[in-house]
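Student: Next comes the sequence, and after it the predicted model I'd like to discuss.
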Amino acid sequence: QLQLVESGGGLVQPGGSLRLSCAASGFTMDGYAIGWFRQAPGKEREGVSCISSLGGSTDYADAVKGRFTISRDNAKNTVFLQMDSLEAEDTGVYYCARRRVAICSGYLRAYDYYYWGQGTQVTVSS
């Protein structure tokens with residue numbers, strides 16, 4: 001059974017860091033692009049970042065460029081999101097998702113992704 005499981009969320013002060021993980025089971029990640037999305041209370045889900053199947057290409061939302069870094073370890077079937085210089089506006093539930101193809105679309109659109117994890121809560125607050 002195909003499954004994505006996020007972990008690493010929590011409560012952090014503004015300016016702090018968190019590292020999220022997305023572990024896959026039921027398939028091997030190295031054939032697919034993986035994305036991160038987030039959803040704040042009362043807001044629509046928004047794209048954060050995407051990484052191509054072998055890690056050679058990445059996309060970032062303007063709001064996180066220079067602060068977040070996406071990476072992957074296909075040997076461990078895991079994708080990571082390193083989040084630095086966190087701001088209150090980064091608060092939300094973070095989801096990882098898998099595309100059906102190996103490349104990112106360049107647009108970070110939720111409807112381009114077909115398999116989703118359950119999410120992990122990130123709260124940035126003093």
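Tutor: Done, it's in.

Student: Now do the same contact list for Phe68.
Tutor: Taking C-beta atoms under 8 Å, 6 or more residues apart in numbering as the criterion, Phe68 is in contact with Val48, Ser49, Tyr60, Leu81, Gln82, Met83, Asp84. Any C-beta I mention is one placed from the backbone N, CA and C, and that applies to glycine too.

Student: at 10 Å what do you get?
Tutor: By C-beta atoms under 10 Å, 6 or more residues apart in numbering, the residues touching Phe68 are 18, 20, 36, 48-49, 58, 60-61, 81-86, 90.

Student: Tell me the one of the residues you listed nearest Ala97?
Tutor: Closest approach between the contacts of Phe68 and Ala97, by C-beta to C-beta: Trp36, at 7.8 Å.

Student: Pairing-wise in the sheet, spell out the partners of Tyr115.
Tutor: Beta-bridge pairing of Tyr115, defined through DSSP bridges, involves Arg98.

Student: re the thing from before, which one of the contacts of Phe68 is nearest Trp116?
Tutor: Trp36 (11.0 Å).

Student: ok, the helix or strand containing the closest one: who's next to it in the sheet?
Tutor: Element membership for Trp36 (DSSP states H and E) is strand 34-39. Counting by DSSP bridges, the strands paired with strand 34-39 are strand 46-51 (antiparallel), strand 92-98 (antiparallel).

Student: between those strands, which one is nearest to Cys104?
Tutor: For those, the distance to Cys104 is smallest for strand 46-51, at 3.7 Å, taking C-beta to C-beta.
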